[in-house]
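Engineer: The sequence isn't on hand, but the structure is:
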C-alpha cells in the first residue's frame, strides 16, 4: 500500500461472493479471518485462509476477475483499491499466483 493509505474492512457472510469470474475488478484483498473457496469455471480449485492475498491479477492485467471467491465461513477482508497499491510490489506478488503456469504433478512420479 502507498504511504498514508488504509484499506477498508469488508465482512462477508457464509456463501457470499467476494468476486465473480469474468466481472471487472480493481481491488486487492487480504483475507483476515475465515475461509474462501476459489472457483474457476464453476469448479472449486482451491481453498484459502487467513493471510491470503487475492485479486492482484485483475488489478494488473486489465481488470477482469479470473476466478470466483466464495466465503465458506464468515470472513473479514481488507480491501485496497488499485490506486492505493505499489505496482512493482504487486508484480512480484503475482508471480506466485499464476495457476496456469504451475506444472501439474507427474502421475508417474506420484
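Structural biologist: Received, thanks. Values in this document were obtained by computation on a predicted structure and should not be read as measured data.

Engineer: which residues make contact with stretch 32-52 from outside it?
Structural biologist: 9, 12, 18, 21, 30-31, 54, 66-78, 99 (Cβ atoms under 8 Å, 6 or more residues apart in numbering). Every C-beta, even on glycine, is put in place using the N, C-alpha and C of the backbone.

Engineer: what's near enough to touch the residue nearest to residue 59 when sequence neighbours are not counted?
Structural biologist: Computed as Cβ to Cβ, 6 or more residues apart in numbering, the closest residue to residue 59 that is not its neighbour in sequence is residue 82, at 4.7 Å. If you count contacts by Cβ under 8 Å, 6+ apart, residue 82 has them with 26-28, 59.

Engineer: repeat for residue 78
Structural biologist: Shown in contact with residue 78 (Cβ under 8 Å, 6+ apart): 7-10, 29-30, 32.

Engineer: thinking again about what came up before, let me know the pLDDT of the residue nearest to residue 59.
Structural biologist: Per-residue pLDDT puts residue 82 at 76.

Engineer: tell me the phi and psi of it?
Structural biologist: phi -50, psi -40 (degrees, to the nearest 10).

Engineer: State the number of residues packed around residue 17.
Structural biologist: Residue 17 has 14 neighbouring residues, counting by other Cβ atoms under 10 Å.

Engineer: What residues are bridge-paired with the nearest residue to it once chain neighbours are set aside?
Structural biologist: Counting by Cβ to Cβ, 6+ apart, residue 17 lies nearest to residue 70, which is 5.7 Å off, once chain neighbours are set aside. Beta-bridge pairing for residue 70 (DSSP bridges): residue 17, residue 37.

Engineer: same deal with the one 5 residues further on?
Structural biologist: Note on residue 75: beta-bridge partners residue 12, judged by DSSP bridges.

Engineer: what's the average pLDDT for stretch 54-65?
Structural biologist: 80.

Engineer: begin at 35 from here
Structural biologist: With the count now opening at 35, the last piece we talked about shows up as stretch 88-99.
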